[in-house]
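Asks: build me a model from this:
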Amino acid sequence: MAERPTRSGGPRGDRDRRPSASPIRSMAELNQAAVAQTVAAPAVVDLPAPQKDAQGRSYATGKRKNAVARVWIKPGKGQFMVNGRDGNTYFARPVLRMLIRQPFLVANRTEQFDVFATVTGGGLSGQAGAVRHGISKALTYFEPVLRPMLKKVGFLTRDSRVVERKKYGRAKARRSFQFSKR
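Replies: Model prediction:
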């Protein structure tokens, strides 16, 4: 009779498990990952040509929750405009500003690009995530060498988590109505 693997492991139980990538929890870990990536950057043979328009800009679309960001980047002094306003006033919370700067920190390109973005939909947190996604994609279009770095830390992946829809017979997506015994 063949042995079946148990939950705690067993003859074949541990073999099927893959080590999960640990998420980056602090700016120090993010900088450390960026330095490690730049030190051990593999030699890439077949890189696509940079995609730039007539003004020397790269364009990309970023998405997060219900927010959609159209992002243009071009070489500059680090200016950041969102919907015609300064990025630091549009995203007033320091956490959101940190989130948007992450692709530049990982790529070691801080204050080398001007960013122009138009964002619609969602709230500020979703919009900041959409801008970060758009900046990451635009950086890979401008400099294809940066793609492995940004992909490794997960900035090129569209975060697919969205709000769950409300169901009938429920108060919200999963919350039931208050129970009444009589």
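Asks: from here on, contacts and neighbour counts on C-alpha atoms
Replies: OK.
Asks: what about the nearest residue to Val35 once chain neighbours are set aside, which helix or strand?
Replies: If the residues on either side of it in the chain are set aside, Val35 comes closest to Val106, at 7.9 Å by CA to CA, 6 or more residues apart in numbering. In the assignment (DSSP states H and E), Val106 maps to helix 94-107.
Asks: right, and the helix or strand after that helix?
Replies: strand 113-120.
Asks: partners of that following strand in the sheet?
Replies: strand 67-75 (antiparallel), strand 80-82 (parallel) (DSSP bridges).
Asks: quick one: end-to-end length of stretch 141-161, please.
Replies: Criterion CA to CA, to the nearest Å; first-to-last residue distance in stretch 141-161 is 25 Å.
Asks: again, but for stretch 163-179
Replies: Start-to-end, stretch 163-179 (CA to CA) is 25 Å.
Asks: and stretch 100-109, which residues are buried?
Replies: Ile100, Arg101, Gln102, Pro103, Phe104, Leu105, Val106, Ala107 (16 or more other CA atoms under 10 Å).
Asks: OK, contacts around Tyr59?
Replies: Lys52, Arg70, Val71, Trp72, Ile73, Ala138, Tyr141 (CA atoms under 8 Å, 6 or more residues apart in numbering).
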